[in-house]
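# everything below, folded, please.
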Amino acid sequence: MTTIAAEYGHIRPVEIHFDDLDAMGMLHNARYAVLVERAVTAYWVEQGWSFDPARSRFVDIFPAVREFQITFHLPVLGVGRANVHFWIEHLGRTSLVYGFRLLSDDLAVVHAEGRRVNVNLDPKTLRPAPLSEPLRAAAAPLLRLAEPVAD
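Reported below is the predicted structural model:
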């Protein structure tokens, strides 16, 4: 999929399918989080991340969603294309705070907006673990602020 330039962060087109809709033909509320997940995951895969640690550029990354908040503004009706605009509001020692907006295909309508907090875990202890320098470098283009802020 082609991406669209953003003043900050990244805009990723996403497809809305029939099975994403509720009984009224609107995008089901739970599917917004799935669209954000798909957009963010696609960005990191392009940066070299893989679910297979043996093939991943970021071998010490084991991300978990700690928090997800969303405010709905206007429903998405029917199938078609939309865009997820996302960015990093805070890059901490062990976590990233994403901001996001679900936009219409023409970028004119904000359907929803929110934030998502990811924590990097140690896969053995499941406790927070520091983000690696390669990940920080790959995250830099997503930063909304000029300088990363420590936890």
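# quick one: mean pLDDT for stretch 7-26?
The average pLDDT within stretch 7-26 is 96.
# and for stretch 121-135?
The pLDDT scores in stretch 121-135 average 94.
# kindly report the same for stretch 74-92.
Across stretch 74-92, pLDDT averages out at 97.
# count of residues packed around Gly25?
Using other Cβ atoms under 10 Å, Gly25 has 12 neighbouring residues. Where you see a C-beta, it was placed from the backbone N, CA and C, and this is true even at glycine.
# what about the strands in the protein?
For the chain, the strands defined by DSSP state E occupy 10-16, 63-72, 80-91, 95-104, 110-120.
# what separates Leu131 from Leu102, distance-wise?
Look at Leu131 and Leu102: by Cβ to Cβ, to the nearest Å, they are 26 Å apart.
# so where's the longest helix in this structure?
helix 29-46 (DSSP state H).
# show me what that helix is packed against.
strand 10-16, strand 63-72, strand 80-91, strand 95-104, strand 110-120 (3 or more Cβ pairs under 8 Å, 6 or more residues apart in numbering; DSSP states H and E).
# of these, flag the one that's most buried.
A comparison of the helices and strands packed on helix 29-46 by mean neighbour count, using mean count of other Cβ atoms under 10 Å, puts strand 95-104 on top with a mean of 21.
# export that one to PDB, keeping only CA atoms.
The C-alpha coordinates for strand 95-104 follow below in PDB (Å, rounded to 0.1, in the frame of the first residue of the first chain):
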ATOM      1  CA  SER A  95       7.700   2.400  26.600                       C
ATOM      2  CA  LEU A  96       6.300   4.300  23.700                       C
ATOM      3  CA  VAL A  97       3.100   6.400  23.700                       C
ATOM      4  CA  TYR A  98       1.400   6.600  20.300                       C
ATOM      5  CA  GLY A  99      -1.200   9.100  19.300                       C
ATOM      6  CA  PHE A 100      -3.400   8.200  16.500                       C
ATOM      7  CA  ARG A 101      -6.400   9.300  14.300                       C
ATOM      8  CA  LEU A 102      -8.600   7.300  12.000                       C
ATOM      9  CA  LEU A 103      -9.200   9.500   9.000                       C
ATOM     10  CA  SER A 104     -11.400   9.200   6.000                       C
END
